[in-house]
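Asker: dropping a prediction and its sequence here:
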Amino acid sequence: MSKRILVIDDESVVRRSFVLALENSGYLVDTASSGEMGIERMEGTKYDLIFLDLNMPGLNGVETLRELRERDKDVPVYIQTAFHAAFADQLRQAAEDGMDFEILKKPLSLRQIADITKEILEEAKITE
Amino acid sequence: MMGNTMYQIRLYIVDATKSSTKAVQELEALLEDKLKGQYSLKIIDVLTEPELAEADKILATPTVIKTAPAPETRIIGDLSDSEKVLAGLGLEEPS
């Protein structure tokens, strides 16, 4: 069965980048344009990987992560952000609050998106 | 046998998360098992030292970089598959 990925980002160009990068990968890619929509997508759908933007209007990435973790505490969540000290405090607080996540650099090329996604999901497959 | 080669390894993580604790434990256990006394491991929190992550062109956490001996190699993602990590470090065991 194909692995299913959810991309949550308010920027349509970013959502399209993930869809384009992964269109021939065999993975199923769903997108959501807000944290609220991402949480809705999780109702009734089990995802293998979630890419989550940090800075969004409405629920931001950390607030969305809190909601996601109430529904699925194990799915790998990669918060996409620039490596910048300005964004560190809210992420550090989330880690100290016990929320599990990884970080993905922003922006990424289509090739980088495809390569990293494959590496993450193939690894998950091996450890199943 | 790895001879007297010293391995220089950096691990980039998000400190304090459950998965980063697991990544550190898995890598340290593997290095102690395979390279005891022959490695230097530096653990870097991308939130505390983002400039190092930028300089090393880190794309995602966790990432392991072996800088010496050459060539430089990288492993991204879950470190629980020891075969993959060993291969990434250039330490494949003969089959």
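Answerer: Perfect, thanks for sending it.

Asker: who in chain A is up against chain B?
Answerer: A:76, A:78, A:83-85, A:88, A:91-92, A:95-96, A:98-105, A:108, A:112, A:116, A:119-120, A:123-124, A:126-127 (Cβ under 8 Å from any Cβ of the partner chain). In this view, the C-beta of every residue, glycine as well, is placed from N, C-alpha and C.

Asker: of those residues, just the buried ones, ChimeraX syntax please.
Answerer: The buried subset of the residues of chain A next to chain B, as determined by 16 or more other Cβ atoms under 10 Å in any protein chain shown, is captured in ChimeraX by this line:
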select /A:76,78,83,88,91,92,95,99,100,101,102,103,104,105,108,112,116,119,120,123,124
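
Asker: ok, now which ones touch A:Met56?
Answerer: Contacts for A:Met56 were tallied using Cβ atoms under 8 Å, 6 or more residues apart in numbering or on different chains; they are A:8-10, A:34-35, A:64.

Asker: doesn't it belong to a helix?
Answerer: No: A:Met56 is assigned coil when assessed by DSSP: H, G, I helix; E, B strand; the rest coil, not a helix.

Asker: need the contact list for the spatially closest residue to A:Glu43 that is not a sequence neighbour.
Answerer: In space, and not counting its chain neighbours, A:Glu43 is closest to A:Arg71: 7.7 Å by Cβ to Cβ, 6 or more residues apart in numbering or on different chains. A:Arg71 makes contact with A:39, A:42-43, according to Cβ under 8 Å, 6+ apart.

Asker: from those, which ones fall inside helices?
Answerer: Members of the contacts of A:Arg71 lying in helices (criterion: DSSP state H): A:39, A:42.

Asker: may I ask which of the contacts of A:Arg71 has the most neighbours?
Answerer: A:Met42 (20 neighbours; other Cβ atoms under 10 Å in any protein chain shown).

Asker: state the pLDDT value of residue 78.
Answerer: You didn't pick a chain, so chain A it is. We have a pLDDT of 97 for A:Tyr78.

Asker: sorry, should have said chain B
Answerer: At B:Asp78, the pLDDT recorded in the model is 82.

Asker: what do you get for the one 3 residues further on?
Answerer: Per-residue confidence for B:Asp81 comes out at a pLDDT of 86.

Asker: same check on B:Met2?
Answerer: 57.

Asker: the one 5 residues further on too?
Answerer: At B:Tyr7, the predicted lDDT confidence score is 95.

Asker: neighbours of it, how many?
Answerer: 19.

Asker: hang on, isn't it packed against B:Pro69?
Answerer: Yes: B:Tyr7 lies in contact with B:Pro69 (Cβ atoms under 8 Å); the separation is 7.1 Å.
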